[in-house]
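Show me how the following folds:
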Amino acid sequence: MDRRNFIKAAGLASGAIFLSNRLSGTTLNPTENPHKPVLHNGVLNGVCDLHIHAAPDIKERTVNELELCRTAKETGYKAVMFKSNVWSCHDRAYIVRQALPGFACFGSLVMNLAFGERVNIHTAKQALNTSGNLCRCIWMPTQDASYPPLAEAGHTGKTILVADTAGKILPEVVQVMELCAEADIIFATGHSSPDESLAMARTAKEIGLKRFVITHANSRIWKLTHDQIRQAVDLGAWIEYCYLPRLWGPGTGLPNMERQTKEEFLSYIRLVPERSFVSTDLGSAGLPDPVTGMGMCIEEMASSDVPQQEIAMLVRKNPAWLLNLTE
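Residues are numbered from 1 along each chain as shown. This next block holds a predicted model:
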């Protein structure tokens, strides 16, 4: 059996097991068969996942970037965008495209300490000038964000500010926003606080930044209230929801996280689907790989009576627009 048919057979078997567990009421262990993509008869066609972690990285990952793209292409994805909390990955996207002609692989840049102790304008400019123009998102600090609950959770050492003590967005952050607006790519809030994210949304509106994204608005300490999300949308923001919180928790590679209930996840995605999108934020060891996770996410939305039109907006249409894919 060749590799393509093997993956297809394994995926269909995995999908059958998943559906059987759903019908029987059995909870699927998120760590079960973590490397087998769940292929639901074309349900992944046209998907764009804008938040994927893959090797190479300083943390163990379930899959490397090239292999993830091979699987995504075989299962019908339209595009993926990688995120590294330490290094750039838009340059590697250029190489992946040489190996997989015709598949839309993109990278991004996260403003963490690897690029300096302040949001680095020079780094942003160089990312936008890299071969292929494949940096489609610049994220504000994540692991190194200056957000008090991060320190409470054990983060030590230097952090990077996005706002001053009065809550005003710093000039270098505004300049990176302007660069993203000029290049017509995504500017994302990273691990900024909800208040900082709303302040950046106001600034983004002032400078005319169209592809402004508030990152994983349903996750942990970065969680926005429903009212805050509506405020952000009124300011022109796009809202990212991640499926990762539905999968982590006891028995997984992230055992100390509290798993989000299905009801809470659904309450978020149903708020303003026309200005929202769903990413997996997967890639951590001990959890499903991103393609499997996306299949699980779509199946859960469909089985929870989320209209197919809204699912299409959340995982296909809206993320494709944010990547500036017009075809």
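
CA only for contacts and neighbour counts going forward, please
Will do.

tell me, what residue is most central in the protein?
residue 51 (2.2 Å; Cα atoms, centre = their mean).

Is it correct that it falls within a strand?
Yes. Under DSSP: H, G, I helix; E, B strand; the rest coil, residue 51 falls within a strand.

ok, the closest residue to it other than its chain neighbours - how many residues close by?
Closest residue in space to residue 51, ignoring its immediate chain neighbours: residue 281 at 4.9 Å, by Cα to Cα, 6 or more residues apart in numbering. As a burial measure, residue 281 scores 23 neighbours (other Cα atoms under 10 Å).

Enumerate the positions of stretch 51-70 that are buried.
51-55, 61-63, 65-66, 68-70 (16 or more other Cα atoms under 10 Å).

hang on, the earlier thing: quick one: residues contacting the residue nearest to the centre of the chain.
80, 81, 82, 83, 279, 280, 281, 282 (Cα atoms under 8 Å, 6 or more residues apart in numbering).

so which of those is the most crowded?
residue 280 (29 neighbours).

wait, it sits on residue 52?
Yes. Here residue 280 reaches residue 52: they are 6.7 Å apart, a contact under Cα atoms under 8 Å.

Which residue ranges of the stretch 51-200 of the chain form helices?
Here the stretch 51-200 of the chain has its helices, by DSSP state H, counting those that start in this stretch, at 65-74, 90-99, 121-128, 148-152, 171-183, 194-207.

Can you pull the phi/psi pair for residue 276?
Per-residue torsions, residue 276: phi -130, psi 160 (degrees, to the nearest 10).

Please report how far the closest residue to it other than its chain neighbours lies from residue 274.
Leaving aside its chain neighbours, residue 276 sits nearest to residue 239 (4.6 Å; criterion: Cα to Cα, 6+ apart). Going from residue 239 to residue 274 by Cα to Cα, to the nearest Å gives 10 Å.

more crowded one of those two?
residue 239 (26 against 16).

just to confirm, which helix or strand has the more buried one in it?
Using DSSP states H and E, residue 239 sits in strand 238-242.

Tell me what angle that strand forms with helix 194-207.
140 degrees (axes from the mean of the first three to the mean of the last three Cα atoms, to 10 degrees).

Which strands or helices does strand 238-242 pack on?
strand 212-214, helix 226-234, strand 276-279 (3 or more Cα pairs under 8 Å, 6 or more residues apart in numbering; DSSP states H and E).

Show me what counts as buried in that strand.
Within strand 238-242, judged by 16+ other Cα under 10 Å, the buried ones are 238, 239, 240, 241, 242.

Tell me who's in contact with the fourth one.
Right, the one you point to is residue 241. 215, 216, 217, 218, 219, 268, 269, 276, 277, 278, 279.

quick one: contacts for residue 179?
124, 125.

meant to ask about residue 238
Contacts of residue 238 (Cα under 8 Å, 6+ apart): 211, 212, 213, 214, 232, 275, 276, 277.

for the stretch 51-200 of the chain, which spans come out with low pLDDT?
148-156 (pLDDT under 70).

ok, back up a step: measure the residue nearest to residue 276 to residue 166 for me?
25 Å.

what's the answer for residue 88, then?
31 Å.

got it, and residue 305?
44 Å.

hang on, the earlier thing: mind checking the helices of the stretch 51-200 of the chain for the one nearest to residue 111?
helix 121-128 (8.6 Å; Cα to Cα).

Pull out the buried residues from the closest one.
Buried residues in helix 121-128 (16+ other Cα under 10 Å): 121, 123, 124, 127, 128.

Next: stretch 314-327.
314, 315, 316, 317, 318, 319, 320, 322, 323.

out of those residues, who's nearest residue 227?
Checking the buried residues of stretch 314-327 against residue 227 by Cα to Cα gives residue 314 as the nearest, at 19.7 Å.

my guess is that closest one meets residue 280, correct?
No. Between residue 314 and residue 280 there is no contact under Cα under 8 Å: 11.6 Å.

Who are the contact partners of residue 89?
Residue 89 touches 82, 83, 107, 108, 109, counting by Cα under 8 Å, 6+ apart.

Looking at these, which are in strands?
Secondary structure assignment by DSSP state E places 82, 107, 108, 109 of these in strands.
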